[in-house]
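>>> Mind looking at a prediction? Sequence and model below.
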Amino acid sequence: MRLGGRLAAAIDVLDDISHKNRPAADALKDWGKAHRFAGAGDRAAIGNIVYDALRRRRSAAWLMDDEASRSIAIGALCLEQGMDGATINAAVEGDQFAPPALSQRELDALATRRLVDAPDADRADCPDLFLEEVQSGFADDWVDELAALAARPPLDLRVNTLAASRDKVLARLQREDAVATALASEGIRIPPVEGSGRHPNVQADQAFEDGWFEVQDEGSQIVAELAGAAPGMQVLDYCAGAGGKTLALSAMMENTGQIFAHDAEKHRLSPIHERLRRAGARNVQAAVGEASLEPLRGMMDLVLVDAPCTGSGTWRRRPDAKWRLNERQLAIRTREQFEILRKACNYVRPGGRMVYITCSVFPEENQRQIEAFLAENPEFAANDSESLWQERFGETTHKVRLDANGIVLSPARTGTDGFFLSVMTRAGG
Ligand SMILES: C[S@@+](CC[C@H](N)C(=O)[O-])C[C@H]1O[C@@H](n2cnc3c(N)ncnc32)[C@H](O)[C@@H]1O
């Protein structure tokens, strides 16, 4: 397929997403099924236009002075792939599968409008509903932070030290421009894709099957490191899900001690068994439902709460979720998070730690939850964020946002997805 056909396909997919309010991955999958002739390169190129248009929906619409699917797809080609109206028109000329060439009105908009002149919320590609949240979280940096959350993400891997070393994995992935991550001690980064390219399918490599690495954003690796799991500990991973953090903790504990991987929903936990097998992790047992945890009350050195959240910190990877999120969903998540904190804290032993994590950048899900929890539970106190960071990452504090009750990671500061972490210690012990 040429650019014109890819652009037409991306516009169809964007229409499908917006008319049916459905996830981008589902719409792309359906398009692929209905167009089996399209090769992997075409699918990747179409996916890039769709995801770029969703990440940069407001800025692309501003540039084109119109918010239709066609306009945001063309705007995304200009913003992310450095094209202009004349280049696009030259590429679609004579292509029967292409959408109509850019009109004079569209060419004029592209020629005269510059993103630096756009209103802040457009430059930030932020939904109006959540402007207050991000402004209160990021203060003067909110436009830069949200713009970074609208950029293409890298592909990050965590080396499983139970099976390989970082040097070994780096050597294996030499051809993929893989480099060691700046902060996470076992992380490897493959840079964001350029143009119509795609990331390598690292999960098809034998090294993945042999358990050498997992796909995990560097931010997720950093918060797992800051949780402070150590060999021999008794750990409850209260919201273990598919086990991304569980696997990181297991390696940090060198396969010793015990991790109870719990989730309220059995189907959420089910992928963990295969992942544990591949990683060679032997210090983890799965636990479904609160009743199974009764014997652990007051016994855990560490309770990890990787809470269900809006995922606003992962908008680079799931930009469609950014536009689907509403205030009701945020309210449901915050209620759940507080209830989970109330329950999970019962398993911490005197002198033990509870670690609260979200992949959200909204203070409502982060700092305010911790303030409310600490006010209700005076036997818990937040650990000092600066010492926590420095113990693990030395003097690199300029890169990270340190609040009284927690640490915030973000694409603009730490080059990671957005994450929040708070470590709280229970009195006694
Ligand atoms: C952010 S995800 C966990 C991701 C996982 N820790 C990882 O690193 O891959 C949150 C998980 O919390 C679970 N959850 C939701 N409500 C819960 C509750 N009341 N108790 C325990 N787990 C819950 C969800 O099923 C979901 O799997």
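Right, received. Where do you want to start?
>>> When you work out contacts or count neighbours from here on, use the C-alpha atoms and nothing else.
OK.
>>> near the ligand, which residues of the stretch 301-429 of the chain?
Within the stretch 301-429 of the chain, the positions lying close to the ligand (Cα under 6 Å from any ligand atom) are 306-308, 340.
>>> Now list the buried members of those residues.
306-308, 340 (16 or more other Cα atoms under 10 Å).
>>> List just the nearest of those to T181.
Checking these against T181 with Cα to Cα, the nearest one is D306 at 22.3 Å.
>>> Based on its surroundings, how many neighbours for the closest residue to the closest one other than its chain neighbours?
Residue nearest to D306 in three dimensions, not counting chain neighbours: I357, with 4.7 Å by Cα to Cα, 6 or more residues apart in numbering. Residues lying near I357 (other Cα atoms under 10 Å) number 26.
>>> Can you pull the phi and psi angles for I357?
Dihedral pair for I357: phi -130, psi 140, per degrees, to the nearest 10.
>>> Quick one: residues contacting the residue nearest the centre of the chain.
Geometric centre of the chain, nearest residue: T314, 3.0 Å, by Cα atoms, centre = their mean. Contacts here follow Cα atoms under 8 Å, 6 or more residues apart in numbering; on that basis T314 touches 149, 359-360, 417-418.
>>> Now, these that are in helices?
Of the contacts of T314, none are assigned to helices by DSSP state H.
>>> Which two of these have the greatest separation?
Maximum pairwise distance in the contacts of T314, criterion Cα to Cα, is 12.3 Å, between L149 and C359.
>>> wait, what's in contact with T414?
The contact partners of T414, taken as Cα under 8 Å, 6+ apart, are 399-400.
>>> what about G82, neighbour count?
Other residues close to G82 by other Cα under 10 Å number 11.
>>> likewise the one 3 residues further on?
Other residues near G85 come to 22 when the count uses other Cα under 10 Å.
>>> What does the pLDDT read for it?
In this prediction, G85 carries a pLDDT score of 96.
>>> and the residue nearest to it when sequence neighbours are not counted, what element?
In space, and not counting its chain neighbours, G85 is closest to L107: 5.6 Å by Cα to Cα, 6+ apart. Following DSSP states H and E, one finds L107 within helix 104-112.
>>> and for that helix, what are the contacting residues?
Residues contacting helix 104-112 (Cα under 8 Å, 6+ apart): 63-65, 84-86.
>>> Leaving out the residues flanking it, which one is nearest to V202?
Once flanking residues are discounted, V202 sits nearest to F208: 7.0 Å by Cα to Cα, 6+ apart.
>>> isn't the one you found right up against N201?
No: the criterion here is Cα atoms under 8 Å, and F208 misses it with N201 at 10.2 Å.
>>> neighbours around A91, how many?
With other Cα under 10 Å as criterion, A91 counts 15.
>>> how close does it get to the ligand?
The spacing between A91 and the ligand, counted by Cα to the nearest ligand atom, to the nearest Å, is 42 Å.
>>> Helix, strand, or coil at that residue?
helix (DSSP: H, G, I helix; E, B strand; the rest coil).
>>> Contacts only, for it.
Going by Cα under 8 Å, 6+ apart, the list of residues near A91 reads 3-4.
>>> For it, give me the pLDDT.
A91 is assigned 93 on the pLDDT scale.
>>> Bridged to the residue nearest to D306, which residues?
D306, L421 (DSSP bridges).
>>> Break the protein down into its domains, please.
3-118, 127-429 (automatic domain parsing).
>>> how long is the longest one end to end?
Between the opening and closing residues of domain 127-429 we find a distance of 46 Å, counting by Cα to Cα, to the nearest Å.
>>> just the shortest one next, same as before
Across its full length, domain 3-118 reaches 28 Å end to end, with Cα to Cα as the criterion.
>>> for stretch 253-260, same thing?
Chord length of stretch 253-260, first to last residue, is 13 Å (Cα to Cα).
>>> Give me the distance from it to the chain's centre.
26 Å (Cα atoms, centre = their mean, to the nearest Å).
>>> Give me the residues contacting that stretch.
By Cα under 8 Å, 6+ apart, stretch 253-260 touches 162, 229-238, 246, 250, 281-287.
>>> just the helices in the stretch 51-200 of the chain please.
Ranges of helices in the stretch 51-200 of the chain, per DSSP state H, counting those that start in this stretch, are 57-64, 69-81, 85-92, 104-112, 120-123, 131-138, 142-148, 166-172.
>>> hmm, back to that, can you pull the contacts of the residue nearest to D306?
I357 makes contact with 223, 304-307, 419-422 under the criterion Cα under 8 Å, 6+ apart.
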